[in-house]
Structure formats: C-alpha cells, structure tokens
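Undergrad: Predicted model and sequence below, questions to follow.
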Amino acid sequence: MLEFLDFEALRGIGLRAPIVQQLHTLTLDPTARLQRVVELQREHLLLHDGHQTLRGRLDTALVKLLDSAHDAVAVGDWVLARPDPPLGWRVFDRLTPLTQLSRRTNDGRGSPQRQVLVSNVDAALLVMGLDHDFNLRRLERYLALVRLAGIEAALVLTKADLVEPSLVARRAEQARDCAPSNVPVLALDGRDPGATAALGGLLGVGQTLVLLGSSGAGKSTLTNTLSGQVVQSTGPVREDDSRGRHTTTTRTLHRTPAGACIIDTPGLRALRLDVGDEQELQQVFGDIARWAASCRFRDCRHQAEPGCAVRVEVAPERLRNFQKLQREARRDSLTALERREQVAQWKARGRAAEQRLRVKRSG
Ligand SMILES: Nc1nc2c(ncn2[C@@H]2O[C@H](COP(=O)(O)OP(=O)(O)OP(=O)(O)O)[C@@H](O)[C@H]2O)c(=O)[nH]1
Ligand SMILES: [Zn+2]
C-alpha cells in the first residue's frame, strides 16, 4: 500500500510516524500525494514534497469543514493533494496535526475567533531583543502560548552585541527566573554564524522549529543565519524603541543545512491566548498552581484573601500579569458561552418557524 509515497524524502522535511499512521487509516488513490504546507496566502499555498516546492490551492470543501470546527490549514501542516492542472495541486485533506499553535483574534464585530498560527512544530524559539524589545511580561505570554500547545521552548535573546555585557547577564538572569527550568536561555548576536552551534541541539534532522517574537526582534535575521543563506528579508528597527516595521508578512517554512525545518513568522501585534478555561492557564503558570495549593481558600483568587500563599511567594508583576491573562480568558470564555446561547436561540426560533409553517400547510 502507499508505495507511491516517497517517505524517505518526506522525513527530510519533518514527517513523523504518527502522521504516517493516520495515512494507513485512509483509502488513497495513486494520484494522491502527501505534502507539507510551507507557505500560505488565503487559498493559494506553497507545498513541499521532500524534493521541490509546488504550487497548490485548498479545496473549498476542506476549508469549510475545518472552519466549522474553528480550525484551519496552517504552515507546517501535512496535507493530501491531487494534481490540478494547469495550476499545480489541489489540497483535499489535512492530517490531524500533532501540535498546533493558535491565538484568539477579533473578527472586528467583537466576537473572538481562533486563529491557527502553525502546525506540527516540535519547539518554539522565543526571540526577544536585549535592547528596548526586552519585556518579561510579553515573555510570560509567549511561554504560556507555547506551553498551552504542548511544545518545547527555548528563549533566544538577540542583539547581545548591542548592549553592555553586564546588562546582557542581568537580563538573561531575569528571563531565566521567568521561565520554567527546562527552558534554555541563550544570549547571542543573531547575525553571527556561531548561533547555529549554540542552537545545535534543537536543529536535528526532521525537527521543526517556529520562531516567535515581536517585529524587529530578529527572527528573520536568525532564520537566515540558521539556513546558511538569505531566505528572508530583514528590515531596520526604529531607533527610539527598537520596534520593527513588520518586514515579514507571511509564515514560511525553510530547511536548514543540518536537516531541521524552521518557520519564520511575522511579529504579532497582539497575542491573546487561546485558553479553554482559567484552570488551564494556572497549569501553565506552574509556580502559581503549586503555591495556590498552600492558600487557605481553595478558590483563592490571590487578591486580598487572608492566608494567600501565592501573594507571598510570587513576584507581584508576575502575579498581576497572570491575573490579566486570567481576566482575558474569562472574557473570552464568557463570549463563547454567549455565542452558544445565541446559537441555541436561533435554533429554537428556526424550529418554531418550521412548526408554524407545518401548522399552516396542514391547515
Ligand atoms: N546588531 C544586531 N542586529 C540585529 C540582531 N538581530 C537582528 N538585528 C537587526 O535588527 C533588525 C530587525 O531584524 P529582523 O530580523 O528583520 O526582525 P524580525 O523579527 O524578523 O522582524 P519582522 O519581520 O518585522 O517581524 C535588522 O536590521 C537586523 O539586522 C543582532 O543579534 N544583532
Ligand atoms: Zn491565594
């Protein structure tokens, strides 16, 4: 079966056994091919088959099906496609991703939407400049995003060449304090080829990494260094606040000489977490969850309650940031609930209308 698929080549672009297992449950005709999404622009995409980049588009039925489950095809996804002359390939199915990074966005009318950022990544490099870009609260948000997706993280502090060594050391220390102990923290010059060696352990064959961080942090610069060639354009930052100009506008997957895949992403202007409930968020802030177990009240909100262990043990800014994320999660879940109620009302109204119609017809 499936001998028409070139698994050897596909492994080189990150194919994993659990994805192959999914294939065995499907009945595929010999024209179908397994490909990885390397870039996505609305319905048009760039795909890779392990040998070359191909053009493709998404079947509208697939888009609709995924959309109804608040899901979407994203860069890093494994898809099935058939030849679609003269354009290229038509994607008719998407295999269930092993991991998915997503955020909440607004649809402009106030109701929160889920946006899938990337799929099938093993680790995220959280890229942050040691200059004005350095922000621990933002770091906590990114760490939460990554942990919610069950992905490993490494923190890359760029522009080490631009700040005093003593400040590099201090900020790296602050970042370490903020992150779980298994998250490596590296300070480097993203333009320096030595960065590849520093990140070596994460760049193994078939590993997929995503670079996340604000505009101007140096994601594309690092992508180029790790790729060993210029694959992404980079842009200057404003002098007063080190902000970038959103040079990168699409998420794109590249291969490194060492055989890893890296996905460069545009700097996100806002990063609202896609959390189901507050409980889930507490798990992400592991230290808060642990101390909360020692609070006097089980439902302690760590605000003004007596005997609150969290307020004693956790840094006030970190706790405030956690509470801010908690408020966001609560607001989002409330609107989700309201939306469900709204749908229920529509359905009830629809049923009532049908009933009236039936009465009329029979009458
Ligand atoms: N000196 C120095 N400059 C860097 C370093 N990393 C990035 N830069 C510079 O910072 C500017 C912004 O870098 P980019 O790589 O374009 O930043 P980005 O994160 O990809 O930004 P967006 O694509 O807008 O999201 C460029 O001028 C880079 O040359 C570094 O480690 N040291
Ligand atoms: Zn408490």
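TA: Received it, and whenever you're ready, just let me know what you need. Ligands and ions are numbered 1, 2, ... in the order given.
Undergrad: For the stretch 101-250 of the chain, what lies in contact range of ligand 1?
TA: The interface of the stretch 101-250 of the chain toward ligand 1, taken as C-beta under 6 Å from any ligand atom, is made up of 158-159, 161-162, 189-191, 213, 215-221, 234-237, 244, 246-248. Yep, even glycine has a C-beta here, placed from its N, CA and C like the rest.
Undergrad: rerun that using 8 Å as the cut-off
TA: Counting by C-beta under 8 Å from any ligand atom, the stretch 101-250 of the chain comes close to ligand 1 at 127, 129, 158-162, 188-192, 211, 213-224, 232-237, 244-249.
Undergrad: Surely residue 102 is within a strand?
TA: Yes - remark: residue 102 belongs to a strand, assigned using DSSP: H, G, I helix; E, B strand; the rest coil.
Undergrad: which of the residues of the stretch 101-250 of the chain next to ligand 1 count as buried?
TA: Listed as buried from those are 127, 129, 158-160, 188-191, 211, 213-224, 232, 234, 237, 244, 247-248; burial here means 16 or more other C-beta atoms under 10 Å.
Undergrad: Stretch 272-292 and ligand 2 in contact?
TA: No - on the criterion C-beta under 5 Å from the ion, stretch 272-292 is out of touch with ligand 2, staying 5.8 Å away.
Undergrad: what about that stretch, distance to the chain center?
TA: On the basis of C-alpha atoms, centre = their mean, to the nearest Å, stretch 272-292 sits 17 Å off its chain's mean C-alpha point.
Undergrad: and that stretch, what's its mean pLDDT?
TA: On average, the pLDDT along stretch 272-292 is 82.
Undergrad: Buried residues, it. List them.
TA: 272, 273, 274, 275, 278, 281, 282, 284, 285, 288, 291, 292.
Undergrad: same thing with stretch 165-179?
TA: Under 16+ other C-beta under 10 Å, the buried positions of stretch 165-179 are 168, 171, 172, 175, 178, 179.
Undergrad: so which of those comes closest to ligand 2?
TA: residue 178 (20.1 Å; C-beta to the ion).
Undergrad: Give me the local confidence score for the residue most central in space within the chain.
TA: By C-alpha atoms, centre = their mean, the chain has its centre lying nearest to residue 101, at 2.7 Å. pLDDT recorded at residue 101 is 94.
Undergrad: can you check residue 327 too?
TA: 84.
Undergrad: Wasn't it part of a helix?
TA: Yes - under three-state DSSP, residue 327 sits within a helix.
Undergrad: Next, find the distance separating it from residue 275.
TA: 12 Å (C-beta to C-beta, to the nearest Å).
Undergrad: now the one helix or strand residue 146 maps to: how far from the chain's centre is it?
TA: Using DSSP states H and E, residue 146 sits within helix 136-148. The chain centre lies 11 Å from the centre of helix 136-148; the measure is C-alpha atoms, centre = their mean.
Undergrad: Tell me which strands the very next helix or strand once past it pairs with, and in which orientation.
TA: Toward the C-terminal end, the helix or strand that comes next after helix 136-148 (DSSP H and E) is strand 152-158. With DSSP bridges as the test, strand 152-158 is paired with strand 123-129 (parallel), strand 185-187 (parallel).
Undergrad: Could you identify which of these is most buried?
TA: strand 123-129 (a mean of 25; mean count of other C-beta atoms under 10 Å).
Undergrad: Export that one to PDB, keeping only CA atoms.
TA: Extracted as PDB, the C-alpha positions of strand 123-129 are listed here (Å, rounded to 0.1, in the frame of the first residue of the first chain):
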ATOM      1  CA  ALA A 123       9.900  23.500  19.600                       C
ATOM      2  CA  ALA A 124       9.400  27.300  19.600                       C
ATOM      3  CA  LEU A 125      12.300  29.700  19.700                       C
ATOM      4  CA  LEU A 126      11.000  32.800  21.500                       C
ATOM      5  CA  VAL A 127      13.100  35.600  20.000                       C
ATOM      6  CA  MET A 128      13.500  38.800  22.000                       C
ATOM      7  CA  GLY A 129      15.900  41.600  21.600                       C
END
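Undergrad: All set, thanks.
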